[in-house]
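>>> build the 3D model from these lines:
(chains A and B)
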Amino acid sequence: MKRITTTIAAVLALSSLALSGCASGGAGAGGDPGTITFMAAAYSDKTQTYWKDLIDKFQKANPGKKVELSVVSWNDYDQRVTTLLANKQQPDVLNYNTWSAYAAADLLHPIDKIVSPVVRSDFIKTFVDNDSLNGTTYALPFIASARALYYSKKIFAKAGVAGPPKTWGEFVTAAKKIKEAGFTGYAMPLGAEEAQSEFALWAYNGGGDWQKAGAWDINSAANVATAQFLNKLVNSDKVTQANPWATNRTDGAWQPFADGRVGMVFGFPGTFGQMLDKAGMTTEDYGVAPLPTKDDGIPSTTLGVQDVLVGFKGDTDKTATIRAFLDFFYQKDNYTKFLTQEGFLPTTQSASDGLADDPVLGAYIALLPHAKFAPTGHPAWTAVAGSVKQRIGEIAKPDADVKAVLDALQADAEKAK
Amino acid sequence: MAQAAIPSRTAPRLAARAHLARVLRPWVWLGASLVLIAGAVFYPVIVLIGSAFTRYNSIGYATGFAGLDNFFAVGASPELPGILWNTARWVVVVVGVTLAVSLPLVQFLHALFRGRRFARVALLFPWAASLVMTSLVWRYIYDNYYGYLNRILLDLGWLSEPVAWTVDPALTPWSLAFLGVVVSVPFTTYVLLAGRQSIPEEVYEAASMDGGGPIQTFFRVTLPLLRPSITTAVILNAIYVFNSFPIIWVLTGGQPGHHADTLVTYMYKVAFKTDLDIGKASALALFNVLVTLLLSLYPLRSARRRGENARADEQAPRRRLWARRSADRPMLVLDIPVPRNSARIRAVAYPLIGVLTGLFFLSPYIVMLLSSLKNDRDLFATPARYLPTEWVWSNWVTTFQNPDLLLFFRNSLIVATAGAALVLLAAIPAAYFTARFRFRGRTAFLYAVLVTQMFAPVALVIGIYRQWQGLGLSDSLIALVVIDAAFNLAFAVWLLNGFFQSIPEEIEDAAKIDGLGDLAILRRVVLPLALPGLVTAAIFTFIAIWNEFVVALTITTTPATQPLTVGINSFIGQYQIHYQSLFAASLVAIVPVVVLFVAIERHLVGGLTAGAVK
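Okay, here's the model as predicted:
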């Protein structure tokens, strides 16, 4: 017995030692102000090469400055970020889709410190506003994207649908006709990959939102009605593919559309655009339209999505190196190359101007200034988005109590720190 | 008779042994193992225990002492009962069905027939392939639109419309369990096959003379004699299945809710996806270890007790037999006598069943090969296309033009080879010493080694990272080698321990009389006799390290240090999985392991024999 007690005491003592070990430390790459670490997400299998080349060029142009790169696949990204932060070993520059919790914890450099005024003033205002907390901007708009309704002109013709639906009523009518013609009316990806976006696209156009006056409003009457509408599409109208709650965008919704099996889907340029190209589809075969709304009184709203770059504070002041690197990246040619390679929309005015004449991107770029964003500025958004991704799909299941699902999400959101 | 078989020990030998035990104290023999465990396992475990009692904020910073709050939070989770039920069902079904499938398979693969080698090698594939990759190809096979399974079943007329195998909550557990069984059967079968081969054929001759039919013989003779192997196989498999992460995560990780989660995937979600709460996840991980401990200690103890009771009458003649056989290896093929009337049916049926069995286990990898040669349209065609309409050989060219792939390959080879060598270096003395000498702490040591297996690696990543970052070795091959060796020590120690025990002490006693010291005996007498066991341990460790993913993901950040498992993850983009490249690289990653296997398959079976018995 005595030995057991001693063992437990030893383990507890060591545990506290191990934990105190994490109290010190700071951003990675040690104390050399000329060397920074940069963790980037693999948007595609070409991302790593892009960053490697860019860093090579940067280091040649800036002797004495060094960037240590690590590219991590999106699948493992959250685990990697959490592990680094729990050990206070965050990189000096991080590419991510959320930032507010870090800003609230005072871990981030305001962007004025990590890019030059020229770059700072080049960002489109909507994005900058979305990246601010209490009047200070903490995240650099990195890439953007917006959604639109893609419809198959061939299937519309076969089903006798005249044009893209503008309201939900027209949408249901169109979807039913398409179903009668032997196709899937609408592919609804509510799988955990990006379910929060799919839901938001419907919720915004149903008059709802995630928040109202800064407070969570997930289970609002408008959102419950939207969820009921979606459930009805799946289970009584049966105009969607099977099992929307387990469908992710790429293989479950976009690929079937590219294969000509689905009449309508929400998509965006980039990955989806490339898939359509690969499938040999042109604008002869498909059309792009604004998202349908619940009724004429609600203006069609698209969802703006942006990923960001943030600079973490460390023990050593590395802002000079960070700024040099980020200024280099945001140079018009370097930045545009990344956007076109990965198929994203720009967040800077200069790059937007450069791409405004692009036949597909141009239309989207016009939409961007009026897009609505997820409340990424709220410190709890990371956690809320996580649980929404995991659970919102439940609203599409047969016999789902959609109100209960939204109530649970609302409760989670209110609890989140 | 048993009494006569073992010559009674004489006083001088006892004195010599006592002397040796004094000089070469346990610490010397167990030293390397203890250093490995203390160096690589202890710290992360301590961090985990600490985390379970710590409060964290949502960005993962520790904010204070939490007492038992994290455990209360686990207990209060409304989804916990469902997850416990999922976990229990998952472990019981997979382990049970695996055993039920493996037993007849063992009987079958033990028989001598044309094509047996093919069936045996094919059976190795699911074991030799990285679990993450096998899970990915099954995700593709199971898909309700473009999956092969629906296509085949529709073509056979067994289905009238496509089924959502991994999506429909009623089907998902069974689809997951099916895959769990497919990947567990090879290991279990090989352990049992080895045990089966150590049963003396004289026993069967006697049974046959007494007029026992095949079924009677199986239940009355084979099953009781296989019991020790079954215990080993079931315990190890249960631990692996319990902690298995990739299957469930890859197939259902992208779905809402917790209808498919087991404790391990739930823990992962709590830590990194939904709650972002490291404290609660750590508490879950500890709970996890506790369950595994309870699950495995009881059968282990009773098995040991049984083994010790049985030793006097049963083991002695078998040991003698074994010693005779190992002296003139190979001892491999011992066929059951074939009754004449069924011989002709066998000559046709066995090869046929053998080929079908082999093809079944190979089929996912054939799908991998075909898919790697498809274009996108074929890849996602509904219904699935068996063959590419256009054979895109350039997929392979593009894949291997990636300059980093060679680096990944090199790193995997270095880490797996060095890791396996390190494991042997540490495990041999420890296993030998615990097999030959009784000393205080012997059982504690063996269990401690086993306990290292019970921590799901996902639960330890934060501590592992902190330790090696602190040592300044976070992005290094050395760190990977040491960590992987430490976490794979258990199998080697337990296997070799059993193996050494089954080597008759008489041989060593004779060597001692000739004046050899303990080390010399180990090197010159014991190790040559134990060669099959060493080969088995080395191979098993090599595979485990070759396929390791979670630790490598945590420790390495650049292509210069990343192994294949992590490196080929770059083919999984944000929106799109580059299946063609992923599959091409995965297939190449399987090759070295299979070649190694084929080269030593004979030794492998011989080797597992002894380890399984104890």
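
>>> find the nearest non-adjacent residue to the spatially most central residue of chain A, please.
Geometric centre of chain A, nearest residue: A:Val305, 5.1 Å, by C-alpha atoms, centre = their mean. The shortest distance from A:Val305 to any non-neighbouring residue, by C-beta to C-beta, 6 or more residues apart in numbering or on different chains, is to A:Ser145 (4.6 Å). C-betas here are computed from N, CA, C, even on glycine.

>>> list the contacts for A:Ala258?
A:Met275, A:Leu276, A:Lys278, A:Ala279, A:Met281 (C-beta atoms under 8 Å, 6 or more residues apart in numbering or on different chains).

>>> follow-up on the earlier one: which SS class is the residue nearest to A:Val305?
Recorded secondary structure, A:Ser145: strand (DSSP: H, G, I helix; E, B strand; the rest coil).

>>> burial of it, as a residue count?
A:Ser145 has 22 neighbouring residues, counting by other C-beta atoms under 10 Å in any protein chain shown.

>>> coming back round to it: is it true that the residue nearest to the centre of chain A touches A:Leu368?
No. Assessed by C-beta atoms under 8 Å, A:Val305 is found out of contact with A:Leu368, at 10.4 Å.

>>> now for these two: what residues contact both?
A:Ala144, A:Ala146.

>>> how is B:Asn144 assigned, secondary-structure-wise?
Assigned with three-state DSSP, B:Asn144 falls in the coil class.

>>> now do it against A:Asn248, distance only.
Distance of B:Asn144 to A:Asn248, computed by C-beta to C-beta, to the nearest Å: 13 Å.

>>> neighbour count for the two, which is higher?
With neighbours defined as other C-beta under 10 Å, B:Asn144 and A:Asn248 compare such that B:Asn144 has more, 22 against 19.

>>> what sits against the more buried one?
With the criterion set at C-beta under 8 Å, 6+ apart, B:Asn144 makes contact with A:Ala242, A:Asn243, B:Asn150, B:Pro162, B:Val163, B:Ala164, B:Trp165, B:Val167.

>>> closest one of those residues to A:Asn219?
Nearest to A:Asn219 out of the contacts of B:Asn144 is A:Asn243 (C-beta to C-beta; 24.2 Å).

>>> neighbours of that closest one, just the number please.
For A:Asn243, using other C-beta under 10 Å, the count is 22.

>>> phi, psi for it please.
The phi/psi pair for A:Asn243 (degrees, to the nearest 10) reads phi 60, psi 60.

>>> give the contact list for the residue nearest to it when sequence neighbours are not counted.
Spatial nearest neighbour of A:Asn243, excluding adjacent residues (C-beta to C-beta, 6+ apart): B:Val167 at 4.4 Å. If you count contacts by C-beta under 8 Å, 6+ apart, B:Val167 has them with A:Ala242, A:Asn243, A:Trp245, A:Ala246, B:Asn144, B:Gln255.

>>> now, which of those sits nearest B:Tyr56?
Using C-beta to C-beta, these come closest to B:Tyr56 at B:Gln255, 26.2 Å.

>>> pLDDT value on the residue nearest to A:Val305, please?
If you check A:Ser145, the pLDDT there is 84.

>>> confirm for me that it is in contact with A:Thr347.
No. Taking contacts as C-beta under 8 Å, A:Ser145 lies outside contact range of A:Thr347: 10.2 Å.

>>> between these two, which contacts overlap?
A:Gln306.

>>> ok, B:Phe245 - contacts?
B:Val264, B:Thr265, B:Tyr268, B:Ala456, B:Val458, B:Val550.

>>> just the closest of the residues you listed to B:Leu179, please.
Looking across those and measuring by C-beta to C-beta, the closest to B:Leu179 is B:Thr265, at 14.2 Å.

>>> that closest one - that's part of a helix, no?
Yes. Looking at B:Thr265 with three-state DSSP, it is inside a helix.

>>> B:Ala343: how many residues sit nearby?
Neighbours of B:Ala343 (other C-beta under 10 Å): 9.

>>> what of B:Arg220?
Neighbours of B:Arg220 (other C-beta under 10 Å): 14.

>>> with A:Ala411 instead?
Other residues close to A:Ala411 by other C-beta under 10 Å number 14.

>>> what's the answer for B:Arg89, then?
Residues near B:Arg89, counting by other C-beta under 10 Å: 15.

>>> my read: it touches B:Trp174, true?
No. Assessed by C-beta under 8 Å, B:Arg89 is found out of contact with B:Trp174, at 9.7 Å.

>>> got the domain ranges for chain A?
Using automatic domain parsing, the domain parsing of chain A gives A:33-145+A:305-373, A:148-301+A:380-415.

>>> ranges for the strands of the stretch 301-417 of chain A?
A:303-311, A:372-373 (DSSP state E, counting those that start in this stretch).
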